[in-house]
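> predicted model and sequence follow; I will ask about them next.
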Amino acid sequence: MTINELRSRGVRFLEDAENDDAVTDAFLLLEFVLRTDRDHILAYGNDEVSDEQALLYDALIKKRAEHIPLQHITGHQEFMGLDFKVSEDVLIPRQDTECLVEEAMIETEDGMRVLDLCTGTGCIIISLAKYKNDLKAVGVDISYEAVAIAEGNAESNGVEVSFLQGDLYEALDDHNSSYDAIISNPPYIASAVIDTLMEEVRDHEPLIALCGGADGLDFYRRIIDGADSHLVPGGVILFEIGYDQGEAVSDMLREHGYRDVKVVKDLAGLDRVVKAHRPFL
C-alpha cells in the first residue's frame, strides 16, 4: 500500500465517523506514524509503507474516530513554536492562549519575577522563559501529575522554571513570594456548561482544569483576592478569559483598585485576555 492510499483510507474512516477535521487529522497522524512532515508525504505519496506502519496508522485512526483528542494520541502539542508533552492529566494548549503569552511578552521585561498559576503543561510560563531573558519564573498547579509534565516540558525546551504543587498561593510559602507579574489561564467554564462541551474535551480533558464553579469565575475571585500579597505595587496581572467574561473580570479588578484595566481580543475578535496593574502604594 502506498502513502497516498493509506492516507485516503484514513480520511474515509474519519469522515464516516463524522470527524469535521478528517483530512487534517489523517495527515497529522500519518506524519506521526511515518516520522516525517507534510512536504515529504506530498512529494513521495507513491512510496510503499510497511505492514507495521499501516497497522499502527489504522489503530491510531480508530482512536481518533472514537473522539480521543489527536494530542492524546501523539502525546504532543505545538504552542508558541515550541513542543509540549501532553496527557489526560493536563489541558491541551490552545492557539487562543498564545494571545495571553503575547500580552505577557509586552508587559514583562527581562529579569522579572513571574508567577503562572494553574500552569498545567507549563506552556505559558515556559514560553515566556524561552523568549525572555533571565526570568525568575515559577509555575503552580494543584495536580502532581501536571507539575511532573510541566517539569519535563521545561527541561525539553531548555528553560529554567520552578514548578510547585499546591492550591494557588498556598504552594508558595516563602518561595519568591513577591512577583512583578502574575499570569493565569484558570478553569473558567461554568459548571452547568461542562456537559455541553465537545466530547473530546468533556470526556478526555481533566475536569479540574475546566470547571470554574457555578458562574465560571471562582478562580478569578481567588486569584485577585490573594494577589495583593504576592504582586508588587505597579505589577501586572493577566488572565485568559471566556468570550463573555471580560466585563465581569474587569469589574473585579477595578473593585480591588487595579488600574489600566484592559480587555484584549483574540484573532477571532473575541474577548480573550484581561490585564491590569496593581496601583502604587
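Okay, I see it. Small disclaimer: the values here were computed from a predicted structure and weren't measured.

> pairing partners for whatever helix or strand Gly235 lives in, with directions?
Using DSSP states H and E, Gly235 maps to strand 231-240. Strand pairing for strand 231-240, determined by DSSP bridges: strand 179-184 (parallel), strand 271-277 (antiparallel).

> quick one: buried residues of it?
For strand 231-240, a neighbour-count test (16 or more other CB atoms under 10 Å) marks Leu231, Gly235, Val236, Ile237, Leu238, Phe239, Glu240 as buried. C-beta here means a position set from N, CA and C on the backbone, and glycine is covered the same way.

> mean pLDDT and distance to Leu207 for the strands paired with strand 231-240 - can I get that in CSV?
Below are the strands paired with strand 231-240 laid out as CSV (pLDDT from 0 to 100; distance: least, CB to CB, whole Å):
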stretch, mean pLDDT, distance to Leu207
strand 179-184, 98, 18
strand 271-277, 98, 22
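
> the ones you listed: which one's closest to Asp25?
Proximity to Asp25 (CB to CB) singles out strand 271-277 among the strands paired with strand 231-240, at 25.1 Å.

> is it fair to say Ile41 lies in a helix?
Yes: under the criterion used here (DSSP: H, G, I helix; E, B strand; the rest coil), Ile41 sits inside a helix.

> check it and give its pLDDT.
You'll see Ile41 listed with a pLDDT of 91.

> now do Ser178
For Ser178, pLDDT reads 89.

> who's in contact with it?
Arg113, His230, Leu231, Val232 (CB atoms under 8 Å, 6 or more residues apart in numbering).

> same check on Ala104?
Val114, Ile124, Leu128, Ala181, Ile183, Leu238.

> what's in contact with the lowest-mean-pLDDT helix or strand in the chain?
Least confident helix or strand, the chain: helix 199-202 with a mean of 87, by mean pLDDT, DSSP states H and E. Residues from elsewhere that reach helix 199-202 (CB under 8 Å, 6+ apart): His67, Ile68, Pro69, Ile194, Asp195, Leu210.
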